[in-house]
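J.: need a structure here:
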Amino acid sequence: MNSSFPKWYYSTSLFLWLLSIILIDDFGIGFVGLCTVLTLWQASRLMTKPSVLSIRFINLVTLLGAIATASLIGLKNSVNVFVALMLVASLLKQVHATQARQFTQICILNFFTYPCLFLFTQSIFAAFLVLILLAVNLAIMLNLEQNLRFRTALKVSSKGLVLVLPVATLLVVFLPKLPAFWQLPAPQNQAKTGLSENVDPFNIANLSQSSDLVFRASFEDTQQMGPFYWRAIIHDEFDGRQWKVSEYQGTNIRALPKDPIGAATIIAQPSQLPWLYGLSYSYSKNAKLNSNVFGTVYLKNLSAKPVEYQIDFTDFEPQDSLRPWYYRRNTALPDGINQQARQLARDWDSQSTTTSQFIELMKRYFLQNGFVYTLTPTTTQSDDRIDDFLFSSFNGFCGHYASAAAFLLRSAGIPARLVSGYLGGEKNDNQGYYSVYQYDAHAWVEYFTPGIGWQRLDPTAWIAPERMTGSLSQLEQLSSEFKSGLGYSLIGLSNWQSINWLRLQLEELDYQWTRVVINFDKEKQGALFKEWFGSNGQLWAGIFSLFMLLLLSIALFYLSKQLTRHKRPIELVYYNAIVSDFKEQLSGTTAKQHIVELCKLFPDLDASLWQFYQLIEKSQYQQKPLNKLELGELKRLYKSIKRKARK
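T.: This next block holds a predicted model:
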C-alpha cells in the first residue's frame, strides 16, 4: 500500500461492509460473507507491505466477484443484483487503490452506492445513516482534492449538508408531485409478511419468531374498542392440506356501502402480496386500491414503499341464502380424509337443530378435552392431520383451531371459510395508533347462517380468551415462550422497562417519519396548500417555489465560497486575509517582507505579527504541521491583528 495516504482513507470498506450487513435479509448471508472476505483482504494489505496488484489479476478477481455476486443474489431481481455489484465494485476498487485519482473515483462511486440503501428501507434511521456516510465521503474528497485536514473537511461537508437540508425540505413540500418516470420492481425477496395465499395451518409456527412491523392503524373514533380482527385474505378452497384463495377474490364491489360504522387510516409495510388490512367488511376510496365483494381491500400494483390508505368498515349485510354454486364451494371437502372428524360433525349435526347449537357442541368438546394454546405445537404430516389434532395431540395455535373448526362446519353442511389476518395490536398511548407485528398473525373462521349472513367464529378464543386483547407480546401466559423466539430484538428485551421505553420512542419517531415524510404525496400536498393558502394554494405554492430556487442559489453560492476558502491550508487563509486588507501599502514579495512592512504600519502589533509569522514559517517553509494548540494560537493572533489594525 502507498503509505502516503492515511489508513482512514480505506475506512469506506467498513462502511460498505456495514451496508451489506444491513441488507442481509435482502442479499443473504452468502453475499455478506463475500463482502467480509473482501474487507478482510483489504485489512490484511493495510497491515503488511504487499506487492502492487497486476492489472490482469485485478481483472480476474473482478470477473470472479461479479460471477459470485450473480450466483449468490440471482438474476431475477435486477435491483438487488445492481446494488450488490456496486458494493462489490467499490470494495474491489478499494483493495488496489494507491493513487489519489483512484480514491476520488471510489468517493464518486460511493455517492451513488450509499443512497441505494433507500431502495430497501426508507426509515428515518436509514436516512440518518446515509447522511453521515455522505458527509464522511465528501470530507474524504475535500481532503483529497483541497488538502484539508480531515477534521476541517468533515466540518465543511457537515455544514454544507446541514445548509442544504432546509432547502431540500422546502423543495419536497412545494415542488409539484409529478408521476414517477420509473417504478421500483415489486418486492421479490423473502416474504415481508407473515401471511400466505395458501395456508397450511400446521406449518405456521414461524410467525411467532418475527417481530417485524406489518402496519400501523389509527381510528377516527379514538374510543374504538377491540378485539380488532384485521382481515386480509379469505381462503375459501380446501384441498385437504391447504386453505387457498379462489379466483373470485378479484371480484370487486360495484357500489360502496353508504353507512360505515367506523373509519381508520392504515400505513402498511411493503409486502410481496397485494392484500391489505381492514376490519369487518372494509372498503376504500383510494384510487390505488380495489375493494372486493368479500370485504377486503388489495393493491392494484405492488409497492416498494409503505402504503398509506383510508378504509371505511361496516357490518356484513344480512343474507337469506347463498347461490347454489357458492354454497357448494364453501362446503366442499376432499374425500377420504379425517373420517373421525367427519363422524364427530355428523353426530353434532344430529344433536342440534341450529348452527348456534352445533357451534356450542363444538365449543364444549374443545373445553372438555384439555386442548391447549401453544406456539410450539406437535407437528404432523399425516393426511388425517385434523383427526390427529382433535383426537391425539390436543395442542396448537390459531391455525390449528381455525382449520379444525372450518372442517367440522363444512362436514355438517354449514358454509365456512378460513380468514387469515392479524389480531389486536400494541397501542401507542401518546399518538393513539396501533402497531401490528408479524407475531400478531392470526387465523379464524367465518361461517354462513341463513337470514343472518356471514359471521365470525374464533375457536382460539375458547382456549385462550386472553389472546383476544392487545398484542401477542402482551400475553403474560406465553411471555417466556414468545420472547425466547425473538432473540435479542428490542421487543424480546422489553421486560426491561428502560429498553421498552426506548423501543416505543423509536417506533413513534419512525411512525411520524413514515406518515409525514415518506408518504407525503400529491393529495397531502394539495391538502397542505389549501390549509395554508386557501383556494389559491397552487398559485402561492408556485411563488414559494421560485423563492426557494432563489434560496437554493444563495446556498450554493455560499457553499462554493466556503469550499474556495478552504482550498488552501488555514494558515494561508489567515495570512492572505491580513495581507489583502493592506495590499496597496505593501510592496514586498515575500511573507517576511510583508510582516516587516506591517510592523512599520502598526508598531503596536510588532510582537503579534512576528509570532504570527513564526507559525506561518513553521507550517509553510519548514513543512511542520501545526498542532491543535498552535492552530488555536494562530487563530487568536489573526483575530487580534485584524481587530487592532482596523482601529
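J.: What backbone torsions are found at the residue nearest to the spatial centre of the chain?
T.: Nearest residue to the geometric centre of the chain (C-alpha atoms, centre = their mean): residue 121, 3.6 Å. When quoted as degrees, to the nearest 10, the phi and psi of residue 121 stand at phi -150, psi 140.
J.: And for the one 10 residues further on?
T.: Note on residue 131: its backbone torsions stand at phi -60, psi -40 [degrees, to the nearest 10].
J.: doesn't residue 161 make contact with it?
T.: Yes. Counting by C-beta atoms under 8 Å, residue 131 touches residue 161, with 6.4 Å between them. C-beta here means a position set from N, CA and C on the backbone, and glycine is covered the same way.
J.: Which of the three states applies to residue 317?
T.: coil (DSSP: H, G, I helix; E, B strand; the rest coil).
J.: circling back to that earlier point, the residue nearest to the centre of the chain - nearest residue in space that isn't next to it in sequence?
T.: Excluding its sequence neighbours, the residue lying closest to residue 121 (C-beta to C-beta, 6 or more residues apart in numbering) is residue 22, at 7.9 Å.
J.: Same question for residue 430.
T.: Nearest non-adjacent residue to residue 430, counting by C-beta to C-beta, 6+ apart: residue 508, 6.3 Å away.
J.: Contact partners for the one you found?
T.: Counting by C-beta atoms under 8 Å, 6 or more residues apart in numbering, residue 508 touches 428, 430, 431.
J.: By neighbours, which of those residues wins?
T.: residue 428 (16 neighbours; other C-beta atoms under 10 Å).
J.: What pLDDT does the model give that one?
T.: On pLDDT, residue 428 comes in at 87.
J.: Throw the contacts of residue 508 into a markdown table and include secondary structure and distance to residue 299, thanks.
T.: Converted to a markdown table, the contacts of residue 508 look like this (DSSP: H, G, I helix; E, B strand; the rest coil; distance: C-beta to C-beta, whole Å):
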| residue | secondary structure | distance to residue 299 |
| --- | --- | --- |
| 428 | coil | 25 |
| 430 | coil | 30 |
| 431 | coil | 25 |
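J.: mind giving me JSON lines with the residues you listed and columns for distance to residue 28?
T.: Output for these, formatted as JSON lines (distance: C-beta to C-beta, whole Å):
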{"residue": "428", "distance to residue 28": "34"}
{"residue": "430", "distance to residue 28": "38"}
{"residue": "431", "distance to residue 28": "36"}
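J.: and which of the residues you listed is nearest residue 168?
T.: Using C-beta to C-beta, residue 431 comes nearest to residue 168 of these, at 26.0 Å.
J.: Check which helix or strand the closest residue to the closest one other than its chain neighbours maps to.
T.: Take residue 431 and drop its neighbours on the chain: the residue closest to it by C-beta to C-beta, 6+ apart is residue 508, 6.2 Å away. Assigned by DSSP states H and E, residue 508 falls within helix 497-513.
J.: Now the very next helix or strand once past that helix: buried residues?
T.: Sequence-wise, the next helix or strand downstream of helix 497-513 (DSSP H and E) is helix 522-533. In terms of neighbour count (16 or more other C-beta atoms under 10 Å), helix 522-533 has its buried residues at 525, 529.
J.: do stretch 360-370 as well
T.: Those buried within stretch 360-370 under the rule 16+ other C-beta under 10 Å are 361, 362, 363, 366.
J.: So which residues make contact with the helix or strand hosting the third one?
T.: When secondary structure is defined by DSSP H and E, residue 363 falls within helix 355-368. By C-beta under 8 Å, 6+ apart, the list of residues contacting helix 355-368 from outside reads 344, 348-349, 351-352, 401, 405, 408-409, 412, 414, 447, 449, 457, 459, 462-463.
J.: remind me which residues of the stretch 151-300 of the chain are low pLDDT?
T.: 176-194, 203-209 (pLDDT under 70).
J.: please redo it, this time with the cut-off set to 80
T.: Low-confidence segments of the stretch 151-300 of the chain, defined by pLDDT under 80, are located at 167, 170-194, 200-211, 221-226.
J.: so where do the strands sit in it?
T.: Ranges of strands within the stretch 151-300 of the chain are 213-219, 229-235, 237-238, 243-244, 262-268, 278-279, 281-283, 289-291, 297-299, based on DSSP state E, counting those that start in this stretch.
J.: mind showing which ranges of the stretch 401-550 of the chain have poor pLDDT?
T.: Looking at the stretch 401-550 of the chain by pLDDT under 80, you get 466-501, 503-504, 519-549.
J.: on that earlier part again, could you list which residues are in contact with the residue nearest to residue 121?
T.: Contacts for residue 22 (C-beta under 8 Å, 6+ apart) come out as 117, 121, 126, 129.
J.: Which pair of these spans the longest distance?
T.: Pairwise distances across these peak at 9.8 Å for 121 and 129 (criterion: C-beta to C-beta).
J.: Which ones among the contacts of helix 355-368 lie within helices?
T.: Mapping the contacts of helix 355-368 onto helices (DSSP state H) picks out 344, 348, 349, 351, 401, 405, 408, 409, 462, 463.
J.: Filter those residues down to just the buried residues.
T.: Burial by neighbour count, judged by 16+ other C-beta under 10 Å, picks out 344, 348, 349, 401, 405, 408, 409, 462, 463 from these.
J.: For those, give me JSON lines that also has distance to residue 391.
T.: As requested, these are arranged in JSON lines below (distance: C-beta to C-beta, whole Å):
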{"residue": "344", "distance to residue 391": "9"}
{"residue": "348", "distance to residue 391": "15"}
{"residue": "349", "distance to residue 391": "18"}
{"residue": "401", "distance to residue 391": "15"}
{"residue": "405", "distance to residue 391": "15"}
{"residue": "408", "distance to residue 391": "12"}
{"residue": "409", "distance to residue 391": "18"}
{"residue": "462", "distance to residue 391": "17"}
{"residue": "463", "distance to residue 391": "16"}
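J.: hmm, which two among the residues you listed are most spread apart?
T.: Largest separation among these by C-beta to C-beta: 349 and 463, giving 22.8 Å.
J.: show me the contacts for residue 197.
T.: Residue 197 sits next to 233, 235, 244, 245, 273, 275 when contact means C-beta under 8 Å, 6+ apart.
J.: Please give the number of neighbouring residues around the residue lying closest to residue 134 once chain neighbours are set aside.
T.: Distance criterion C-beta to C-beta, 6+ apart; nearest residue to residue 134, sequence neighbours excluded, is residue 114 at 6.0 Å. Residues lying near residue 114 (other C-beta under 10 Å) number 23.
J.: begin at 11 from here
T.: Got it, first residue is 11 now, which makes that one residue 124.
J.: Surely residue 124 and residue 140 touch.
T.: Yes. Counting by C-beta under 8 Å, residue 140 is a contact partner of residue 124 at 5.3 Å.
J.: Find the residues that touch each one of the two.
T.: Residues touching both residue 124 and residue 140 (C-beta under 8 Å, 6+ apart): none.
J.: Distance check, the residue nearest to the centre of the chain against residue 315.
T.: In this view, residue 131 and residue 315 are 9 Å apart by C-beta to C-beta, to the nearest Å.
J.: got the domain boundaries for this structure?
T.: Listed domain ranges for the chain are 17-184, 208-496, 532-572, 580-656 (source: the TED database).
J.: need these in CSV with distance to residue 507, can you?
T.: Listed next are these as CSV, based on distance: least, C-beta to C-beta, whole Å:
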stretch, distance to residue 507
domain 17-184, 23
domain 208-496, 14
domain 532-572, 36
domain 580-656, 43
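J.: could you pull out the strands for the stretch 311-460 of the chain?
T.: Taking DSSP E, counting those that start in this stretch, the strands of the stretch 311-460 of the chain run over residues 317-324, 382-383, 405-406, 426-433, 436-437, 444-447, 451-459.
J.: quick one, which of these is nearest to residue 347?
T.: Closest of the strands of the stretch 311-460 of the chain to residue 347 is strand 426-433, at 16.3 Å (criterion: C-beta to C-beta).
J.: Keeping just the C-alphas, turn the closest one into PDB.
T.: Listed next in PDB are the C-alpha coordinates belonging to strand 426-433 (Å, rounded to 0.1, in the frame of the first residue of the first chain):
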ATOM      1  CA  ALA A 426     -67.400 -21.900   6.200                       C
ATOM      2  CA  ARG A 427     -64.100 -20.300   5.200                       C
ATOM      3  CA  LEU A 428     -60.800 -19.600   6.800                       C
ATOM      4  CA  VAL A 429     -59.700 -16.000   7.200                       C
ATOM      5  CA  SER A 430     -56.000 -15.000   7.800                       C
ATOM      6  CA  GLY A 431     -55.000 -11.700   9.100                       C
ATOM      7  CA  TYR A 432     -53.900 -10.100  12.400                       C
ATOM      8  CA  LEU A 433     -55.400  -9.900  15.800                       C
END
